[in-house]
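*Asks:* requesting a structural model of the entry that follows:
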Amino acid sequence: MILRPFLTALAISGFALSPAAALAQQAPSKNTVQTRPHDFVALSKRLSPAVVNISTAQTIEINKGNKAFPKGSPLEKFNDFFGDGGDENRIARSLGSGFVIDKSGYIVTNNHVIEGADEIEVAFPNGSTYEAKLIGRDPSTDIALLKIEAGEDIPFVSFAGEDSAKVGEWVIAIGNPLGYSSSVAAGIVSARHRQMSMTNYDDFIQTDVAINKGNSGGPLFDMDGNVVGVNTAIVSPTGYSVGLSFSIPADLASSVVDQLREYGETRRGFLGVRVQKVNKSIAKAYKLKEPYGALIRSVNADSPAEKAGLKRGDLITALGGVKLENSGRLARIIAEAEIDAPLKVDFIRRKKRKSLDVVIERLEEKVEKQGGDKPKTDDKAVTGSVMGITVEEISDKLRARMRLDDEVKGVRITKVSLKSIAQGKLRKGDIIMEVAQEQVEGTEDFSKKMNAAAKSEEAILILVNRGGVPVFYSLEPEA
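*Replies:* Numbering: from 1, shown residues only. Coordinates of the predicted model:
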């Protein structure tokens, strides 16, 4: 399953340095206490019975009236090879991995392993097979929970605690790569908190473990035998392991599993803001010594954020008293927050630190209404220029052509000179909505606000609407 160019949904094969060779290259000092095994024999023997192979079957309906070759054609007999010439529908099958987390038969795997399946079969290393029931699934994190009825207690493994996998630690993966059941692969944790633009909750563990097609949904173990991750995706130019594999961290996976087990669905928190990353330039504009937090670029109407008083331009620095290291963490923290309970939000507004409590609501799927196209009579274009940024008024005709909502106000950029302080940031077509967190009413107002902000000799925070998405930029007059 291709997630994007070179990004393959869980499965991969490759060559890795053997654990024995790696350990041989790192001889311990005299003062080093050996607390880890020299190999993975005992660990593999203990954990393998709880790791299962998952096979699925999905019926694909065939449109028998749509033949590749017409009746009577010399090539008519080849219609059968295109799957539409027989009397039976086509059956699509797939393989993956999973692991038992409870002696009563609850099994965790990836959503993409079982999605759309009519039948799910679970096979254990001892040869036992069972038909599995789908308890619940969560496409947003690619987690699914199954249940089998074995009639007896079965081997199981447990999730590790929060943030348990440390960079540089040994980990092993057990699964069903390319159909080879109970395969064990070892490596180290390469990085934490990787984001791959797969979901709003990306927080992957990166490893160099050889993961291949069929490993999807299988466990990633630490050296204590606890599950630190669920193997989910790889980056590869070939579709096979090149040492870039990614796993859903145990704390995220276990929280989703708990909800699926209790409710059959996930129940996430909802704040109602869209944020952007805080870079060095924006951090400087907010008087931060280092970039961290999340800058609010829009607030949903009637959302918990709006009800509590959060506004566009607020820079969130902490949630629940915990520093927000980066914007990517916000979505996950809010998703896991207690619903209908207050959450303390620390933020910076106009260079002043503030805090308030937001009552988190349950996230419901919403369909956003797009702005209408209501052409009106054209207005005469009014333009202005300051600091190498040339702008024009938003006429009714321009609003209709760009399909701008009535709430979008400001001026449109028509040109950014090569020597402008905005070069490389702002661009032609951007709608400048705010200067220094104040609404821009027109070209004259834009020039006035820009000149006033420049006199302060501080970074100027600009809010633009680009393709319907609000984005903040920080411009430095001294540049």
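*Asks:* which SS class is residue 329?
*Replies:* helix (DSSP: H, G, I helix; E, B strand; the rest coil).
*Asks:* tell me how many other residues crowd it.
*Replies:* 20 (other Cβ atoms under 10 Å). From N, CA and C alone the C-beta is placed, and that goes for glycine too.
*Asks:* ok, it to residue 398 distance?
*Replies:* 38 Å (Cβ to Cβ, to the nearest Å).
*Asks:* point out where the stretch 1-150 of the chain drops to low pLDDT.
*Replies:* Within the stretch 1-150 of the chain, the stretches with pLDDT under 70 are 1-37, 59-92.
*Asks:* quick one: the helices in it, in order.
*Replies:* Remark: helices assigned in the stretch 1-150 of the chain by DSSP state H, counting those that start in this stretch are 19-24, 41-47, 111-114.
*Asks:* repeat for the stretch 151-300 of the chain
*Replies:* Using DSSP H, counting those that start in this stretch, helices in the stretch 151-300 of the chain cover 250-263, 280-285.
*Asks:* okay, the ones you listed, which one's buried deepest?
*Replies:* Stretch with highest mean neighbour count among the helices of the stretch 151-300 of the chain: helix 250-263 (a mean of 20; mean count of other Cβ atoms under 10 Å).
*Asks:* if we can go back for a sec, in CSV, list the helices of the stretch 151-300 of the chain along with mean pLDDT and distance to residue 427.
*Replies:* As requested, the helices of the stretch 151-300 of the chain are exported to CSV (pLDDT from 0 to 100; distance: least, Cβ to Cβ, whole Å):
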stretch, mean pLDDT, distance to residue 427
helix 250-263, 92, 37
helix 280-285, 93, 16
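*Asks:* could you work out which of the ones you listed reaches nearest to residue 336?
*Replies:* Of all these, helix 250-263 sits nearest to residue 336, with 5.7 Å by Cβ to Cβ.
*Asks:* which strands and helices sit next to that closest one?
*Replies:* In this structure, helix 250-263 makes packing contacts with strand 106-109, strand 133-138, strand 143-147, strand 227-235, judged by 3 or more Cβ pairs under 8 Å, 6 or more residues apart in numbering; DSSP states H and E.
*Asks:* dump the ones you listed to a markdown table, plus mean neighbour count.
*Replies:* A markdown table is the format used below for the helices and strands packed on helix 250-263 (neighbours: other Cβ atoms under 10 Å):
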| stretch | mean neighbour count |
| --- | --- |
| strand 106-109 | 25 |
| strand 133-138 | 18 |
| strand 143-147 | 25 |
| strand 227-235 | 28 |
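*Asks:* for residue 117, which of these is the nearest?
*Replies:* The nearest among those, by Cβ to Cβ, is strand 133-138 at 7.9 Å.
*Asks:* contacts for that closest one?
*Replies:* 106, 111, 114-115, 117, 120, 143-148, 256, 259-261, 263-266 (Cβ atoms under 8 Å, 6 or more residues apart in numbering).
*Asks:* let me see the contact set for the residue lying closest to residue 471 once chain neighbours are set aside.
*Replies:* The shortest distance from residue 471 to any non-neighbouring residue, by Cβ to Cβ, 6 or more residues apart in numbering, is to residue 464 (5.6 Å). Going by Cβ under 8 Å, 6+ apart, residue 464 touches 413, 426, 430-433, 470-473.
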